[in-house]
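Participant: No sequence on hand, only this structure:
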Ligand SMILES: [Zn+2]
């Protein structure tokens, strides 16, 4: 496997010869209480096949009724993405056979989506990239197949398959971008920044829990390369169901390298769907799309057209919440953060965490340092989003307060954070149970200082002779003996006092 650095070099190399063009299709499960066309509940993780009825099982004679909240949520998403909202549109039947789709068709939208022609701006390395949105449409989710007995969890090699229809019929919004060109070596980061920003937007609208690991936000990533300056569009691959922000970036990076290898050898990129592998960051071919599947779309005969009242759409427009970009502009002022700092926080997914930590009493600069530094490292190591770490902004603010009042050194504060992450206990409990308090009591330190002096008489002699800089070695010994709990400044003063 190549190192991260060499793959970065590779992306820069590829972008020197080819223009990468990316496109993203994002599926969002809406957080409605009931399904799209029936009253079944949508709770995640329920016993398989306990949340079904004749409508979502596609039994003969059952009729769908659209979920008004789902339509409202889709319009709100469209408005937040600056889209035009259709004054009249229809659902369509997309016909295909698959065991996780009990009706043998999916109710979707085809040539009449609810929302069209919008955009979302993202900022990467100080540069604003406008990602244009082609369409936002509403459809129903499929069920879930579980392939049992194989090594990979895929159907090939499995003994048998099980199907869970709890997810079948949950409202699903698909957000499709236009091709994004001209970002060069930044294409992988732009892809990630777009999904990050879109997720923040959806979260601020409160329309979905946007949990990528539970599949309520999933992404298909299209990548093609065109020879630099040729203006000829390349053939694209479509990597399906990429389910983390980091994977979006990795999948684009891998596809840029793979397609460049094919083109460099004089080969032809095949139009196909591909699978992304989390373990090695590679993609492998799925189904070939050389021949387009014919879904035989036609207007859904069991549903009336959707014709949103313009007054309703206006009301939804005027009641949109503060969106992430506006919110960041306001928070930048409140947190005293530069544009660069805001971009770093946004791309690391910690803006809200920093704001909440500052609101809990921590100085903004400290809140930012903790979330962008140590806590982001911890999240990366655990392959989690910072927001999913088992520490709250209030707990981080408490750690900052304990450092400020001298109870903890920065090293001890990190140990306290580790303790919170490991045990879920609060900061004060961890500090008390692990005895993390900094020792600054002079009597308690005096013994440790005497021991250090006795152990290194040559160093002590140098200090007596005026070489004050040599004190560092003794300070280090005392810190080690007290497991980092001594106050270094006090120790240094004590040493110099004793040896003057
Ligand atoms: Zn149902």
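Facilitator: That came in fine, so what should we check first? These figures come from a predicted structure and were not determined experimentally. Numbers count the residues shown, from 1 in each chain.
Participant: So the residue nearest the centre of the chain versus residue 97, what's the distance?
Facilitator: Among the residues of the chain, the one closest to the centroid is residue 245, at 4.3 Å (CA atoms, centre = their mean). For residue 245, the distance to residue 97 equals 33 Å [CB to CB, to the nearest Å]. C-beta here means a position set from N, CA and C on the backbone, and glycine is covered the same way.
Participant: Was I right to think residue 327 contacts residue 204?
Facilitator: Yes. Under the criterion of CB atoms under 8 Å, residue 327 is in contact with residue 204, at a separation of 7.2 Å.
Participant: tell me which strands and helices the longest strand belonging to the chain is in contact with?
Facilitator: If you go by DSSP state E, the chain has its longest strand at strand 127-140. Here strand 127-140 touches helix 68-80, strand 105-108, strand 115-124, strand 171-177, helix 187-205, going by 3 or more CB pairs under 8 Å, 6 or more residues apart in numbering; DSSP states H and E.
Participant: distance between that strand and the chain's centre?
Facilitator: Mean C-alpha position of strand 127-140 versus that of the full chain (CA atoms, centre = their mean, to the nearest Å) differs by 17 Å.
Participant: Give the burial count for residue 455, as a bare number.
Facilitator: Per other CB atoms under 10 Å, the neighbour tally for residue 455 reads 12.
Participant: OK, contacts around the nearest residue to residue 57 once chain neighbours are set aside?
Facilitator: In this structure, residue 57 finds its nearest non-sequential neighbour in residue 102, 5.0 Å apart by CB to CB, 6 or more residues apart in numbering. Contact analysis of residue 102 by CB atoms under 8 Å, 6 or more residues apart in numbering lists 56, 57, 58, 143, 165, 168.
Participant: can you do 7 Å?
Facilitator: Applying CB atoms under 7 Å, 6 or more residues apart in numbering, we find residue 102 in contact with 57, 58, 143, 165, 168.
Participant: for residue 389, same thing?
Facilitator: Contacts here follow CB under 7 Å, 6+ apart; on that basis residue 389 touches 375, 378, 379, 421.
Participant: I'd like to know which of those residues are buried.
Facilitator: 375, 378, 379, 421 (16 or more other CB atoms under 10 Å).
Participant: Turn these into a markdown table, including pLDDT.
Facilitator: Shown next, in a markdown table, are the buried ones among the contacts of residue 389 (pLDDT from 0 to 100):
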| residue | pLDDT |
| --- | --- |
| 375 | 96 |
| 378 | 94 |
| 379 | 93 |
| 421 | 95 |
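Participant: Widest-spaced pair of the residues you listed?
Facilitator: Maximum pairwise distance among the buried ones among the contacts of residue 389 (CB to CB): 9.7 Å, between 379 and 421.
Participant: What number of residues are in the vicinity of residue 220?
Facilitator: With other CB under 10 Å as criterion, residue 220 counts 19.
Participant: circling back: can you list the helices and strands packed on strand 127-140 in TSV and add mean neighbour count, mean pLDDT and distance to residue 305?
Facilitator: Listed next are the helices and strands packed on strand 127-140 as TSV, based on neighbours: other CB atoms under 10 Å; pLDDT from 0 to 100; distance: least, CB to CB, whole Å:
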stretch	mean neighbour count	mean pLDDT	distance to residue 305
helix 68-80	22	98	12
strand 105-108	20	96	13
strand 115-124	19	96	15
strand 171-177	22	98	18
helix 187-205	23	95	25
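Participant: Show me what residue 161 is bridged to.
Facilitator: residue 147 (DSSP bridges).
Participant: and it, what does it touch?
Facilitator: With CB under 7 Å, 6+ apart, residue 161 has these contacts: 145, 146, 147, 148, 155.
Participant: contacting residues around residue 222?
Facilitator: Per CB under 7 Å, 6+ apart, neighbours of residue 222: 22, 23, 236, 238.
Participant: for residue 232, helix, strand, or coil?
Facilitator: For residue 232, the assignment made with DSSP: H, G, I helix; E, B strand; the rest coil gives coil.
Participant: Just give the nearest non-adjacent residue to it, would you?
Facilitator: Nearest to residue 232 is residue 226, by CB to CB, 6+ apart, at 5.3 Å.
Participant: Tell me which other helices or strands the host helix or strand of residue 246 touches.
Facilitator: For residue 246, the host element (DSSP states H and E) is helix 245-264. If contacts are counted by 3 or more CB pairs under 7 Å, 6 or more residues apart in numbering; DSSP states H and E, helix 245-264 sits against helix 4-17, strand 18-29, helix 187-205, strand 217-227, strand 237-242, strand 282-288.
Participant: So for the fourth one, mean pLDDT?
Facilitator: Okay, so that is strand 217-227. For strand 217-227, mean pLDDT rounds to 95.
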